[in-house]
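Undergrad: Structure for this input, please:
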Amino acid sequence: VVGPSLGAAAISSGLTSAIVGLIVVLIFMMFYYNRAGTVANIAVFANVFFLMGVLASLGAVLTLPGIAGIVLTLGMAVDANVLIYERIREELNLGKPLRQAIADGYKHAMPSILDSQITTLITGIILYVFGSGPIQGFATTLMIGIITSLFSAILISRVIFEWMLKKEMPIKFSNPWSDHTFKNANYDFVKKRKIFYAISGIFITLGIISILVRGFSLGVDFKGGRTYVVKFEKSVTTEDVRTAVNETFGVASEVKTFGSDDQVRITTPYMIESQAENADQLVENKLKEGLAKISGNSSSVESSQKVGPTIANDIKISAIYSVLLSILAIALYIFIRFRKWSYSVGALVALTHDVLLVLSFFSLFNGILPFSLDIDQAFIAAILTVIGYSINDTVVVFDRVREYLSEHHAKNDKMSVVINNAINSTLSRTVITAVTVIFVLAVLFIFGGEVIRGFSFALLIGVIFGTYSSICVATPVVVDLIGEKDNKK
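TA: Coordinates of the predicted model:
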């Protein structure tokens, strides 16, 4: 149950984050890719138009996580364009004429685009099947966004380029300052892989210790109970509210600041097992009785949520299954696509690594950061989206590794050197896509409102970890698994 004022605030913050996110993406693409960036921006506008049209025709309910899905789609929509543009820039650097470079850029980028988007689509399907309510809304916009993004990036941008070539209009794919970004990059990722393993291992070990000792802050949909968002006339301390409601309820309740210091979220297990028809009203009356003890500060209940213990247990089990199934399904797809178990294991290790890092972060910093780090359905949606994003990145690197091993692997070349060169050649695409998505998620975190702050934060750190793992974990693991002798065979 959501009150009108909180609903209006959610709509306002959702629209603000969507508009600001769109502006950030448009400015960045123009700034980095010059005139080609303008073409990408036209494709992004078309993508938003198609996405809204499909959602409207399906009669989809637009939830706040659904708006988050649209904002995230804006960030990921440029991924296909970035892949294409980076390949075109490579073809131009080889001395090819513009028309040929554009044709070859689209041709060579296509396998990576399809692989990366299919793996993200797999996570969207699993989210839709196992999620409920708002999570299905997020999954719906994510899946539709992937399809409309592909259509816009591959078809619409190509049509515009063909028209510009026909009119003999100048097309530039960089500005003077961005022309040499990551050009001839030669970072030794493979040689330093044991350092990366150690860094990840230390953080995950600390996280596991924290999980065992401190545990997590579980949301109401994982532990059962009733949650109320209460707004006060003046600022209030959580300690005062906790003392007042605990006295009335007679059981320990959880009180957290929710956004501003005049708003709190109260979660209580009081009467959650009761089957009485008027139980909800009785609990709310008790809550108001407790809140009335805070003198000189009137309050109103903005929203309420109730999850029974049986449903909470079902949600928890389905969440665990969805994460495990997502990781296994993607590993199977990688195995079928690349036909080598080493790539599949590398992807599996990287995805498990990302999930453990995000879980560790939420346990270690729970109660330290000034916003909620609850583990709930929205968090699981964030985890699965991070898995999709991470494998998206990893597949692009794997595609280039496979290409380099088949085309550039001379007899005397060490396999580790060839793979390291492949990682460096995709660095510009990996970093540019990550920066774009991080910009958008930072906007979602700042402007998206308190309801999805923990969700957007999980996505934000997950994308950072996912980008790191695709370069520093997944591919180095493949190097260790293949070995020089096996590769020469």
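Undergrad: secondary structure class for residue 306?
TA: Of the three states, residue 306 takes strand under DSSP: H, G, I helix; E, B strand; the rest coil.
Undergrad: again with residue 182
TA: Strictly by three-state DSSP, residue 182 counts as coil.
Undergrad: and it, how many neighbours?
TA: 17 (other C-beta atoms under 10 Å). Heads up, the C-betas are built off the backbone N, CA and C, glycines and all.
Undergrad: Can you list the low-confidence ranges for the stretch 1-150 of the chain?
TA: Within the stretch 1-150 of the chain, the stretches with pLDDT under 70 are 1-7, 10, 64, 132-134.
Undergrad: all helices in it, in order from the N-terminus.
TA: 4-58, 64-93, 98-130, 134-151 (DSSP state H, counting those that start in this stretch).
Undergrad: The longest one to helix 98-130, inter-axis angle?
TA: If I follow you right, that is helix 4-58. 120 degrees (axes from the mean of the first three to the mean of the last three C-alpha atoms, to 10 degrees).
Undergrad: residue ranges of the strands in the stretch 301-450 of the chain, please?
TA: For the stretch 301-450 of the chain, applying DSSP state E, counting those that start in this stretch gives strands covering 374-375.
Undergrad: For it, give me the ranges with low pLDDT.
TA: Those would be 407-413, if you go by pLDDT under 70 across the stretch 301-450 of the chain.
Undergrad: Quick one: the helices in it, in order.
TA: Using DSSP H, counting those that start in this stretch, helices in the stretch 301-450 of the chain cover 309-338, 341-364, 377-407, 415-425, 427-447.
Undergrad: got the contact list for the helix or strand just after the last one?
TA: Where DSSP states H and E defines the elements, the next helix or strand beyond helix 427-447 is helix 453-469. Residues outside helix 453-469 that contact it (C-beta atoms under 8 Å, 6 or more residues apart in numbering) are 65, 68, 72, 200, 350, 353-354, 357-358, 361-362, 369, 371-374, 378-379, 381-383, 385-386, 389-390, 393-394, 430-431, 434, 437-438, 441-442, 444-445, 448.
Undergrad: Indicate which one of the helices of the stretch 301-450 of the chain is closest to residue 50.
TA: Checking the helices of the stretch 301-450 of the chain against residue 50 by C-beta to C-beta gives helix 427-447 as the closest, at 18.5 Å.
Undergrad: Can you show me the CA trace of the closest one as PDB?
TA: Written as PDB, here are the backbone C-alpha positions of helix 427-447 (Å, rounded to 0.1, in the frame of the first residue of the first chain):
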ATOM      1  CA  LEU A 427      40.100  -2.100 -23.500                       C
ATOM      2  CA  SER A 428      38.700   1.000 -25.200                       C
ATOM      3  CA  ARG A 429      35.300  -0.700 -25.700                       C
ATOM      4  CA  THR A 430      35.200  -2.100 -22.100                       C
ATOM      5  CA  VAL A 431      36.100   1.100 -20.400                       C
ATOM      6  CA  ILE A 432      33.900   3.400 -22.600                       C
ATOM      7  CA  THR A 433      30.800   1.100 -22.000                       C
ATOM      8  CA  ALA A 434      31.600   0.900 -18.300                       C
ATOM      9  CA  VAL A 435      32.000   4.600 -17.900                       C
ATOM     10  CA  THR A 436      28.700   5.200 -19.700                       C
ATOM     11  CA  VAL A 437      26.800   2.700 -17.600                       C
ATOM     12  CA  ILE A 438      28.500   4.000 -14.400                       C
ATOM     13  CA  PHE A 439      27.400   7.600 -15.300                       C
ATOM     14  CA  VAL A 440      23.800   6.500 -15.700                       C
ATOM     15  CA  LEU A 441      23.800   4.400 -12.500                       C
ATOM     16  CA  ALA A 442      25.300   7.300 -10.600                       C
ATOM     17  CA  VAL A 443      22.400   9.400 -11.800                       C
ATOM     18  CA  LEU A 444      19.900   6.700 -10.800                       C
ATOM     19  CA  PHE A 445      21.600   6.500  -7.400                       C
ATOM     20  CA  ILE A 446      21.500  10.300  -6.800                       C
ATOM     21  CA  PHE A 447      18.100  11.100  -8.400                       C
END
